[in-house]
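Q: Here's a sequence, model it:
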Amino acid sequence: MAEDNFESTLNTHYGRKGLGDRIIAALKETGKDLDAITADDLSPVAEFHIGGQGATLQLAQSAGMGAGMRVLDVGSGLGGPARTIAQHYGCKVTGLDLTEEFCRVATMLTELCGMQERVVFMHGNALDMPFDDSSFDLVWTQQAGMNIENKLRLYQEVHRVLAVGGRLVFQEVLCGPETPLHLPVPWASEGSMSFLRPPDVTRDLLAQAGFREMIWHDVTAQYVDEYRKLAAQTADPGGPPPLGIHLILGPEAGQMRRNVVRNLEEQRIVLIQGVLKKA
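A: Below you'll find the predicted structure:
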């Protein structure tokens, strides 16, 4: 698929119009005061990955983050992780995402939290990042690589924008020993959107790009039970809670989450958290 056509497909998959309005309506329905919204309040919808905000905080603890660090969040989505790490670690975070609607809504939610001085978002391609060499101390990414076919180019771009000694910190869904993938899933309604690689291939590509592995944890077993509960909640006959990932995924949210559970249980996918250092 041509790159421009794929960008259009990705924006159609993730960027349903009116997302910001739906989130505001859900916040009101839950009784939240819009003048006192925090990053934690938004996490049920804005932490769009397995493990939610808890996984973000676990990953951040391994990352060696500190106040004042320049952080790039690649595939920043609605900005949940960016706001969480800015709030907890005092970092200044720039988010980059290929989905225009995500960038627009992420900016709106960040302003709603009063965090716009610490967290900003840009629309752009992770394979051709609009940043100078050595612009960041740390690159963060959570479950964005599944939609990127050219992994080596992605890791080379990350390496380029990192300062010497900088770190790549990631949580990624990788290909398990069993195939094929049960579809649809949150990152792909069809197979042409999903580009999973096995762990050994991924590690080789990271090494080729110039990274030295510091931490590599398979956290599949840790989060599968939690994800089962979320999948059941999404499919509840009474309907899911007002604020949640179904606002992004639409009516297929329940099926997508059930398929993630099946894929995890049948070892068709694994969940990896890693920290790597620029050599």
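Q: Next, the distance between the ends of stretch 140-153.
A: 16 Å (Cα to Cα, to the nearest Å).
Q: again, but for stretch 152-171
A: 17 Å.
Q: how about it: buried residues?
A: Residues of stretch 152-171 classed as buried: 154-155, 157-162, 166-171 (neighbour count, 16 or more other Cβ atoms under 10 Å). C-beta here means a position set from N, CA and C on the backbone, and glycine is covered the same way.
Q: Just the ones in strands from these, please.
A: Those of those mapping onto strands are 162, 166-171, per DSSP state E.
Q: Pull up the gap between Met214 and Gly165, please.
A: Using Cβ to Cβ, to the nearest Å, Met214 is found at 12 Å from Gly165.
Q: okay, and the common contacts of the two?
A: Lys277 (Cβ atoms under 8 Å, 6 or more residues apart in numbering).
Q: From what I see, Gly77 and Ala106 are in contact.
A: Yes: with contact defined as Cβ atoms under 8 Å, Gly77 reaches Ala106; the gap is 6.9 Å.
Q: Kindly point out which residues are neighbours of both of the two.
A: 46, 95, 97.
Q: Torsion angles phi and psi at the last one?
A: Listed backbone geometry of Asp97 is phi -150, psi 150, with angles given as degrees, to the nearest 10.
Q: Tell me the bridge partners for it.
A: His123 (DSSP bridges).
Q: For Val270, grab phi and psi.
A: Backbone phi and psi, for Val270 under degrees, to the nearest 10, turn out to be phi -130, psi 160.
Q: Number of residues surrounding it?
A: Neighbours of Val270 under the rule other Cβ atoms under 10 Å: 20.
Q: check contacts around it.
A: 173-176, 199, 218, 220, 264.
Q: And the furthest pair within the residues you listed?
A: Greatest spatial distance among the contacts of Val270 (Cβ to Cβ): Pro199 and Leu264, at 14.5 Å.
Q: So these two - more neighbours on which side?
A: More crowded of Pro199 and Leu264, by other Cβ under 10 Å: Leu264, with 22 against 17.
Q: helices and strands around the host helix or strand of the more buried one, which ones?
A: Under the criterion of DSSP states H and E, Leu264 resides in helix 253-265. If you count contacts as 3 or more Cβ pairs under 8 Å, 6 or more residues apart in numbering; DSSP states H and E, helix 253-265 packs onto helix 220-234, helix 246-249, strand 269-278.
Q: swap the cut-off to 10 Å and go again
A: Packing partners of helix 253-265 (3 or more Cβ pairs under 10 Å, 6 or more residues apart in numbering; DSSP states H and E): strand 162-175, helix 220-234, helix 246-249, strand 269-278.
Q: tilt between the second one and strand 162-175?
A: Using axes from the mean of the first three to the mean of the last three Cα atoms, to 10 degrees, the direction of helix 220-234 lies 70 degrees away from that of strand 162-175.
Q: Pull the residues that contact helix 220-234.
A: Helix 220-234 is contacted from outside by 44, 49-52, 54-55, 58, 171, 173-174, 176, 239-241, 244-246, 249, 253-262, 264-265, 267, 269-273, using Cβ atoms under 10 Å, 6 or more residues apart in numbering.
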